[in-house]
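K.L.:
Task: produce atomic coordinates for the following.
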Amino acid sequence: MKLSLRPGLLGWRSLSSCSVQRGQNIVEKIAGKHSVGVDPTKVRSLDYVTVKPAFVMTHDNTAAVMNKFKELKLESVANPRQMVFTLDHNVQDKSEANLKKYSNISQFAEHHDIDFYPAGRGIGHQVLCEEGYALPNTMVVASDSHSNMYGGVACLGTPVVRTDAACLWATGQTWWQVPMVAKVELTGTLNPGVYGKDVIIALCGAFSKDEVLNHAIEFSGDGIANLSIDERLTIANMTTEWGAMAGIFPFDDKLEAWLEQRSSKLAKRGFAKVPSDVDSPSGTQNSRLNERSISSLDRFAADSDAVYQKTLVLDLSSVEPHVSGPNSVKTMNPVSTLEKQNIPIQKAYLVSCVNSRKEDLHIAAEVVKGKKIAEGVEFYVAAASSEVQRESEESGDWDALMEAGATPLPPGCGPCIGLGKGILKDGEVGISATNRNFKGRMGSKEASAYLASPAIVAHSALLGKIAGDPKRNTSGNSELQSHIVEGESPEIKSSVTLTEGFQPVLKGPLVFVSEDNINTDGIYAGKHTYHELSPEDQAKVVMENYDESFKSLAKPGDILVGGFNFGTGSSREQAATALKHAGIRAVVVGSVNETYKRNALNNGLLILEVPNLARDLQAIHTNATTALSETLEIDFTKSEAHLIDTDANTKKTYSFAPLGEVAQELIIIGGLENWVVQNAKNQQ
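P.N.:
Numbering: from 1, shown residues only. Prediction:
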């Protein structure tokens, strides 16, 4: 049986009733193009739409999605050509259990005629770009937070979660709220020795107050023409760490030339030996990326009267080589500043989807060629894909890195996610060209991790301390030229409509976690992500990287209250389900990462944003975790939260935005998976 979702799944809401209908930006146009059952020209930010993405990619988490899909009791997937499997996260693990998991994924792909790329082919995001799945002005999703990377090739890439993936397998569609859109204008040209990684580190540091949280970003400006495609992929990739849901560059002449080169390379190489090879238009060309497909790509631009919520401007010529950290992407310093502190390192990394392409390996190879890695430093290198490694070997760059003393790792995520060889140990300091340096992510939570460009990583590996190019005379005193201009805000629904069956009032005791930017690695450590723990075991390890005392202070039935940008980081579903399995009834925070909110709602965990409540509690309670004596009463009919202190006989009231019908329906039915099951029953 094949399933279909009704147009406007879970209540599509249009803003077309506004007195003046403005033009569309690029994100709105792509969202409209992939929306089902609505006029694509009417789609605007904050609309809920049913989307049918061009492709959905899952990686090692395919095994978990398979389990969800099997629970739907469907005989076939909706569209095998929409699905792509890539094994990349735990490729170093040769245990019987992991090999069995990989084999099961391969067999599932073969049975359903799905494109499958085995361990060793490369990191999924890189594979999707190399093999022509991510194309300009299309929408591609993946069950991974760094799906933003596809924006480097003008593709609207955005993360979904495991439950979404199962829904997409079953129906080809899922729900999406079109995000607000910010424009980032890049002007000027980067100086020699400054790279795309420095740009995104500078942006994360210069605009570190959640300016782009849960926005999609459209990059513009004359500086884009001076950025290579590899640099655009790097910048788009780390818009995730900046808090954005997507980061898309324009479809320009440089990108078109890159696509044509890729098309020729794929035709010369031959087929990838995946099922979609049979769709080749000529019997020799890639089925997705070929002369015909390139010529038919949409070349639309934003309308002249398109609305942006804000515009951020950065002069590329003012950017110096930067380092972020330790243990935070929002803390940045010019490398020249950190050099003076003589920070020793024990490990250096040139791995991951953000900075392990051919250009990155070449930059690092030029630094270390003819030299040796400092004594006591381990330098780990993994190419983003097997193609990248082969081309690096042919150019001599790979040999230069190995001769300098680097340790090779297979193409894959590895130490970036804290898996396999080379992870950080207690007390160690690492500098990495990866995209995320949250505490405990790359190994021990007692280690310190810094992020930088491949050039800085290579220089640091040679000198045994954080260091830049000694030939560059930078003082670190030059001012980064950046500013922000606020734009128009979209109309936000203010009326309250409760869905039948939704509980109008929720009341419970509170457990408060005080810090801002509590990330998914803090909530649910990466080392557990691919071991598929039981609900009981998930509850036992929840918050262990954030605060060990949480488990003893939080009780079943509690409402968790937290700070701002809660749930930033990866798209791992367990960061939501572990709290639910621990008995947390609802999560109430100052602000929440949109992917985390999606995970929570898709699994039937209520989540609200009540910023003034978070600020008031942060002003009083500074411990990492506190079990509060007050109770919280949430009245959804009035969109009010009441903090009640029975002992003091006080009640303070806080307003919040009305809970949308999408969230209500997901909470009522217990999550998206249950919704799909019910939909299947209704269609029988």
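
K.L.:
going forward, measure contacts and count neighbours with C-alpha atoms only.
P.N.:
Will do.

K.L.:
any idea where the strands of the stretch 151-300 of the chain begin and end?
P.N.:
In the stretch 151-300 of the chain, the segments counted as strands under DSSP state E, counting those that start in this stretch are 156-159, 174-177, 180-187, 215-220, 246-248.

K.L.:
Tell me the strands beside the third one, with direction?
P.N.:
Applying DSSP bridges, strand 180-187 is found paired with strand 215-220 (parallel), strand 310-315 (parallel).

K.L.:
can I assume Leu510 sits in a strand?
P.N.:
Yes: under DSSP: H, G, I helix; E, B strand; the rest coil, Leu510 falls within a strand.

K.L.:
what's near enough to touch the residue lying closest to it once chain neighbours are set aside?
P.N.:
Excluding the flanking residues, the one nearest Leu510 by Cα to Cα, 6 or more residues apart in numbering is Ile559, at 4.9 Å. By Cα atoms under 8 Å, 6 or more residues apart in numbering, the contact list for Ile559 reads Gly508, Pro509, Leu510, Val511, Ile584, Arg585, Ala586, Val587, Val588, Leu632.

K.L.:
hang on, the earlier thing: any idea which of the strands of the stretch 151-300 of the chain gets closest to Asn599?
P.N.:
With Cα to Cα, the closest approach to Asn599 among the strands of the stretch 151-300 of the chain belongs to strand 156-159: 10.6 Å.

K.L.:
How about residues contacting the closest one?
P.N.:
Contacts for strand 156-159 (Cα under 8 Å, 6+ apart): 27, 30, 134, 136-151, 245-248, 571, 595.

K.L.:
can you map out the strands along the stretch 1-150 of the chain?
P.N.:
Using DSSP E, counting those that start in this stretch, strands in the stretch 1-150 of the chain cover 48-51, 55-58, 83-86, 115-117, 139-142.

K.L.:
Dump those to JSON lines, plus distance to Asn226, mean neighbour count and mean pLDDT.
P.N.:
As requested, the strands of the stretch 1-150 of the chain are exported to JSON lines (distance: least, Cα to Cα, whole Å; neighbours: other Cα atoms under 10 Å; pLDDT from 0 to 100):
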{"stretch": "strand 48-51", "distance to Asn226": "34", "mean neighbour count": "26", "mean pLDDT": "92"}
{"stretch": "strand 55-58", "distance to Asn226": "30", "mean neighbour count": "24", "mean pLDDT": "98"}
{"stretch": "strand 83-86", "distance to Asn226": "32", "mean neighbour count": "24", "mean pLDDT": "98"}
{"stretch": "strand 115-117", "distance to Asn226": "33", "mean neighbour count": "23", "mean pLDDT": "98"}
{"stretch": "strand 139-142", "distance to Asn226": "25", "mean neighbour count": "27", "mean pLDDT": "98"}
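
K.L.:
re earlier: widest-spaced pair of the contacts of Ile559?
P.N.:
Ile584 and Leu632 (13.2 Å).

K.L.:
Name the spans of the stretch 401-550 of the chain whose pLDDT lies under the cut-off.
P.N.:
Counting by pLDDT under 70, the stretch 401-550 of the chain has low-confidence residues at 473-478, 490-495.

K.L.:
ah, wrong one, I meant the chain
P.N.:
1-20, 473-478, 490-495, 680-684.

K.L.:
list the contacts for the residue nearest the centre of it?
P.N.:
In the chain, the centroid-proximal residue (Cα atoms, centre = their mean) is Ser145; its distance is 2.2 Å. Ser145 makes contact with Thr158, Pro159, Val160, Thr240, Gly569, Ser570, Ser571, Thr595, according to Cα under 8 Å, 6+ apart.
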